[in-house]
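A.B. asks: Curious how this folds, go ahead:
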Amino acid sequence: MPREDRKEVIGVFLNRISKGSKSWDELLSNITSGHVIKDIPYTLQYEDIYLANKINEIDISAKLSKHTYEYKVKYCISEIVNKFSPNSIFERLASTQVDSYITTNYDLTLEKQFEQNGFEENKDGNDISEQIYSIRRHHSFIGPYESKKDIWYIHGEAKYPKSIMLGYDHYCGAIGKIDSYIKGNYEYTDKNDKSIRIASIAERLKNFDNNIYSWIDLFFIHDIHIIGFGMDYSEKDIWYILNTGQRYIQENKADITNNIYFYGCIDDAKKELLKDFGIEIKSYPKPQKKTEWTSLYERMISDIQNNLS
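C.D. replies: Next up is the predicted model:
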């Protein structure tokens, strides 16, 4: 049965189109010294530079002196990404008629664009209570004519360096949290110190419970349009959720009726795998020049707008 309140969500994973942005390799070169192992997943690259102490000498200011070494590393990364700023692509994304945005980026570029568009943060609607993981982490905004938008920082955010998800250890811990959430074993303490347990995704879908407690819910309830994401195999959390959703459909464990769309440049193997997972794909030729990416993203956003129901 279709859900009458199904909404549209944009998965914004753009991190190389912002003004001042850096690629993963460029980010590593800013914080590391010496050889970094290539041709391995990004999560393991981080573990290599962290465990082998390949990180540049960190300036330990008074406010960082009591923190762990890893916190200082993540703080340095947050300082770099905080310098990113919006451009015309983010202006179009922020103006799109959707209620929620999911992002793996740590930077605040989308928030900055919301502010430029006349939105103000609704702190009463935020959930930033998690210290390390980001199952419920989001910021809410109220704009002109009482319009509302949410940003879900699923890999942490620069405002809270400890939450930034980089290494294999952090990713695996997050998948454990995601698995618990999907299966109904996830608990948390609310603002009133009350212990809350969320029912399993399958049970909630069966009972037409459309409440959104986590960004994970969006992948099972609302339509999602993914842009700017290379679907790297190191992004185990995203692959796990997509795989779980399709298995639920195939094994008749849940009535999932939402659509997930992918807009991007991917190889044939990933394209075939995404189709196996029930993802609708809009594929584009990969630009040969860096300057061509902006026009490609403009085209993708137009295609998203055409697909919005």
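A.B. asks: does Asn243 really touch Leu274, like I thought?
C.D. replies: No. Checked against Cβ atoms under 8 Å, the pair Asn243 and Leu274 is beyond contact range at 10.7 Å. C-beta: built from backbone N, CA, C; applies to glycine.
A.B. asks: Of these two, which one has the most company?
C.D. replies: In terms of neighbours (other Cβ atoms under 10 Å), Leu274 is the more surrounded of Asn243 and Leu274; the figures are 21 against 13.
A.B. asks: Buried residues, the helix or strand of the chain with the lowest mean pLDDT. List them.
C.D. replies: Sorted by mean pLDDT, DSSP states H and E, the helices and strands of the chain end with helix 24-31, the least confident at a mean of 76. By neighbour count with 16 or more other Cβ atoms under 10 Å, helix 24-31 contains the buried residues 27-28, 31.
A.B. asks: which one among those residues gets closest to Arg92?
C.D. replies: Comparing those against Arg92 with Cβ to Cβ places Leu27 closest, at 25.3 Å.
A.B. asks: Distance-wise, check that closest one relative to Cys76.
C.D. replies: As for Leu27, its distance to Cys76 is 10 Å (criterion: Cβ to Cβ, to the nearest Å).
A.B. asks: And Met165, by the same measure?
C.D. replies: To Cys76, Met165 is 16 Å away according to Cβ to Cβ.
A.B. asks: quick one, which of the two is more surrounded?
C.D. replies: Met165 (22 against 18).
A.B. asks: wait, that one sits on Gly156?
C.D. replies: Yes. Assessed by Cβ under 8 Å, Met165 is found in contact with Gly156 at 5.0 Å.
A.B. asks: who touches both of the two?
C.D. replies: The contact sets of Met165 and Gly156 overlap at Ser134 (Cβ atoms under 8 Å, 6 or more residues apart in numbering).
A.B. asks: Model confidence for Glu298, exactly?
C.D. replies: As predicted, Glu298 sits at a pLDDT of 94.
A.B. asks: and Ser140, what helix or strand is that in?
C.D. replies: For Ser140, the enclosing helix or strand under DSSP states H and E is strand 138-142.
A.B. asks: Alpha carbons only: can I get that strand in CSV?
C.D. replies: C-alpha atoms of strand 138-142 as CSV (Å, rounded to 0.1, in the frame of the first residue of the first chain):
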residue,chain,number,x,y,z
HIS,A,138,20.5,16.3,12.4
HIS,A,139,19.9,20.0,12.3
SER,A,140,16.6,21.6,11.6
PHE,A,141,16.0,25.0,9.9
ILE,A,142,13.0,27.2,9.4
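A.B. asks: where's Ser140 relative to Ile281, distance?
C.D. replies: On the measure of Cβ to Cβ, Ser140 and Ile281 end up 31 Å apart.
A.B. asks: what do you get for Pro86?
C.D. replies: Relative to Ile281, and taking Cβ to Cβ, Pro86 is found at 27 Å.
A.B. asks: Looking at those two, which is more packed in?
C.D. replies: Taking other Cβ under 10 Å, Pro86 and Ile281 do not tie; Pro86 has more neighbours (22 against 16).
A.B. asks: excluding its backbone neighbours, what's nearest that one?
C.D. replies: Sequence neighbours aside, Gln113 is the residue nearest to Pro86 in space, at 4.1 Å (criterion: Cβ to Cβ, 6 or more residues apart in numbering).
A.B. asks: So for the one you found, what's the pLDDT?
C.D. replies: Looking at Gln113, the pLDDT reads 94.
A.B. asks: now do Asn210
C.D. replies: At Asn210, pLDDT is 90.
A.B. asks: Before we go further, it is sitting in a strand, right?
C.D. replies: No. The assignment for Asn210, made by DSSP: H, G, I helix; E, B strand; the rest coil, is coil rather than a strand.
A.B. asks: Surely it touches Leu218?
C.D. replies: No. Between Asn210 and Leu218 no contact is recorded; they are 10.8 Å apart, counting by Cβ under 8 Å.
A.B. asks: Could I get the full set of helices for this structure?
C.D. replies: 24-31, 42-51, 69-81, 88-95, 109-116, 168-183, 201-206, 215-221, 236-250, 268-276, 293-307 (DSSP state H).
A.B. asks: Among these, show me which one is buried the most.
C.D. replies: Each of these was given a mean neighbour count from mean count of other Cβ atoms under 10 Å, and the largest, a mean of 23, is that of helix 215-221.
A.B. asks: Can you tell me which helices and strands that one packs against?
C.D. replies: Packed against helix 215-221, as judged by 3 or more Cβ pairs under 8 Å, 6 or more residues apart in numbering; DSSP states H and E, are the following elements: strand 100-103, helix 168-183, helix 201-206, helix 236-250.
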